[in-house]
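**Student:** Sequence and predicted structure, then a few things I'm wondering about:
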Amino acid sequence: MRTLNTRWLGKLPYSEAYDLQLGIHRSVSQNNSNDDYLLLLEHDGVITSGRSAKKSNLLVSEEELSNRGIDFFETDRGGDITYHGEGQLIGYPIVRLSDPKKILPFVRSLENVIIDTLNEFSIDSFTKEDDTGVWTSAGKIASIGIKVSKWTTYHGFSLNIFDNLEGFNLINPCGNELEQMSSIHQFNNKISFEDVSNVISKNFENIFNYEKIDKQFSQFTPKQLKTTKEFNIDEMVKRGVFKPNKNIIPITIRGVLPNEPRRPEWMKVKANLGNDYISLKNLLSEKKLNTVCEEASCPNIYECWSMGTATFMIMGDVCTRACGFCDVKTGKPGQLDLDEPTRVAESVKAMQLSHAVITSVNRDDLDDGGSLFFADTIRAVKVLNEKCNVEVLVPDFKGLRSAIDNILFAAPEVFNHNLETVPRLQREIRTAASYGRSLSLLEYVKQQGFMGKTKTGLIVGMGETKDEVISVLKDLSKIDIDIVTIGQYLRPTAKHRPIDRYAPIEEFEDYKLLGESFGIPHVESGPLVRSSYHAKDSFASA
C-alpha cells in the first residue's frame, strides 16, 4: 500500500522545483520506498522544451526571452515546447509505476484527473486520441509532459487558471502553430488556486486509487486566493515589533500573554554568570562581534557560553527580513566590516574551538546575499584554525545558486539552512522564504557533491500539529538530510508571536525516534534545542 504525499509549495522557480523533483525522485524510485509525491506549485515565466521539440517552435530568441524576464530550459521530458507562468497550476507527480512500460495509461489517467476537476467547475473538456493534454471549446487548457526513470515518473502537467496567456504567443504551443490556449477564468473568473488545488489533489487520489494520504499545503497568497488576506506577520510589522524604538508592548501577567499556556517548570533556565561566561562575553565585546545567542535571545546562552562555545553572527545585527519568532532587528543594514572575518578567526583561536558555528542576518540588500563575505569568513577561520570544523547556518539567498556555490567553494564541514516550521505556517513565520525553496536549496547542496553534512532545524509550539512535523521529517528524509534539530518556541518578547503550546518532552522523543526511523542519521530533539545546540556532538554522530 503506497502513500500519496501531496504538497502545495506556492510559487517556486522552475530550476528550484526541478532540483527538488530530482531529490524526491531519487528516494521514491528505491525499491523499499512506499511513498509517492504530488507537488503542486506555480512558476514565474519559463519556457520548457521537451525531447521531441523543434527549435523553430520557439518564435523569439533566447536573448529576447531573457530581456522579458522569462527563463528557457531544455528538458528530458516528453512532448514539445510549452510555457509556464503566473496563473498556471503546475503538477509534478513523482510516482513509482508497477510497470514502467505503462506510461501511456498513466498519462491518460492524468488527463482524466484534469477532466474530472474541470467538470466539478462546470467546464466541459475533452482529450484527443493522437495527442496528449486537455482541451475545451475555447482551446487547449492543460499540457502534459512526463519522464520515467528507474520505474518512477517526474515532470508532469500544467493547467491554466488565470487569463494571463500572453507567454504562449512566444511559441507554437506543443509544436502546433494553430493551437489556441484557454483557461479556467475564461469560463469562471471566481475560481482560485486553492479551489483548483484541493479538487485536483482529491481527483488524483481517487483516479490512482490511493487510500493513504499525507496532504500538506503551504499558505496561498492573496492573489492566488483571489481575495484580500492579512497574515499575522503583516500585523506584527505594522505594530513595529521589529523596530527597536517602538515601545508598544502588550501587557503580560507574570510573563504570560492572554490565552498563552504557562511555562512548565522544566522549561525554565538558570542563569549561569560564572567566569567562563563573563570571559567569553568580554572577548566578543573586545572583538566587536555579534552572536545569534544574544541577538535572538537564545535560552541556552548561559550553558553554551559557560562551556566556551558561541555562534558568531556576521554582517551586522540588522536583518532585511522580519520573522515572527526572531528578536533580530529589521531595517537597512550598514556597510560590511571587511576586518570581521579576521576577528572571527582570531576569536575561534582564542576560544580553542574545534567546531565553530557561523551564521548571519539576511542581507537581501547585497547582490550575492553576502555569500562571498560568508566564504571569506569560513576561509579565515580555517587559515588560523587548521583542525577546526566550520558549520555555517545560512539564509536562502533568494534561491540564488551562485550564492550557494560561493559557500560550498569555501568547504565548510556542515551546511545548515533552517526550515523553521511546517508548510502551513511558512508565510506566517518566515517572510520572503518558502518551504519549497528551502527543501530545494538543501537538495541542491547534495547534488553538487558536497562532502560535508547537511542540516536543518524546526521550532515547535507556534501553531503546528504533531502530524505536520512528522510529515516534514519524512520530506527531509527524501532529500537525504544528515542532521535535524527540533526545539520549543520561546517568545523572545511580549511583542512577538504568542506561544501556542508547550510540546511535552515525550513528543520531542517521538520526533527523534521517527526521524531516525525515516533514515535521518541524527535528530537532536528537545525543548531547549536550537540550531547550533550541541552542534559539535551532532556533527560527530551523524
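**Tutor:** Now that the structure is in, tell me what you want to look at. Worth saying up front: this structure is predicted, and the values here are computed from it rather than measured. Residues are numbered from 1 along each chain as shown.
**Student:** gap between the longest strand seen in the chain and the chain center?
**Tutor:** Using DSSP state E, we find that the single longest strand of the chain is strand 139-149. Mean-position distance between strand 139-149 and its chain equals 26 Å (CA atoms, centre = their mean, to the nearest Å).
**Student:** which helices and strands sit right next to that strand?
**Tutor:** Counting contacts by 3 or more CB pairs under 8 Å, 6 or more residues apart in numbering; DSSP states H and E, strand 139-149 packs against helix 103-120, strand 134-136, strand 152-160. C-beta here means a position set from N, CA and C on the backbone, and glycine is covered the same way.
**Student:** Comparing those, which comes out most buried?
**Tutor:** With neighbours defined as mean count of other CB atoms under 10 Å, those peak in mean count at strand 152-160, which reaches a mean of 24.
**Student:** report the angle between the axes of it and strand 139-149?
**Tutor:** Orientation of strand 152-160 against strand 139-149 (axes from the mean of the first three to the mean of the last three CA atoms, to 10 degrees) gives an angle of 170 degrees.
**Student:** Now do strand 152-160 against helix 103-120, angle only.
**Tutor:** Using the same axes, to 10 degrees: strand 152-160 against helix 103-120 is 30 degrees.
**Student:** which element follows strand 152-160 toward the C-terminus?
**Tutor:** The helix or strand immediately downstream of strand 152-160 is helix 193-207, counting by DSSP states H and E.
**Student:** Now that following helix: average pLDDT?
**Tutor:** Average pLDDT, helix 193-207: 97.
**Student:** can you list the weak-confidence ranges in this protein?
**Tutor:** Residues of the chain meeting the criterion pLDDT under 70: 228-255, 266-277, 279-281, 283-284, 287, 289-310, 532-542.
**Student:** Turn the helices and strands packed on strand 139-149 into JSON lines, including distance to Ser285.
**Tutor:** Shown next, in JSON lines, are these (distance: least, CB to CB, whole Å):
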{"stretch": "helix 103-120", "distance to Ser285": "61"}
{"stretch": "strand 134-136", "distance to Ser285": "65"}
{"stretch": "strand 152-160", "distance to Ser285": "52"}
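**Student:** Of all these, which one is nearest Pro504?
**Tutor:** Minimum separation from Pro504 across the helices and strands packed on strand 139-149 (CB to CB) falls at strand 152-160, 38.4 Å.
**Student:** Could you export that closest one as PDB, CA atoms only?
**Tutor:** Output of strand 152-160 as PDB, limited to C-alpha atoms (Å, rounded to 0.1, in the frame of the first residue of the first chain):
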ATOM      1  CA  THR A 152       9.400   6.400 -11.500                       C
ATOM      2  CA  THR A 153       7.700   9.400 -13.100                       C
ATOM      3  CA  TYR A 154       8.700  13.100 -12.900                       C
ATOM      4  CA  HIS A 155       7.800  16.300 -14.700                       C
ATOM      5  CA  GLY A 156       4.000  16.500 -15.100                       C
ATOM      6  CA  PHE A 157       1.100  18.700 -16.200                       C
ATOM      7  CA  SER A 158       0.200  22.400 -16.300                       C
ATOM      8  CA  LEU A 159      -3.400  23.700 -16.000                       C
ATOM      9  CA  ASN A 160      -4.200  27.300 -17.000                       C
END
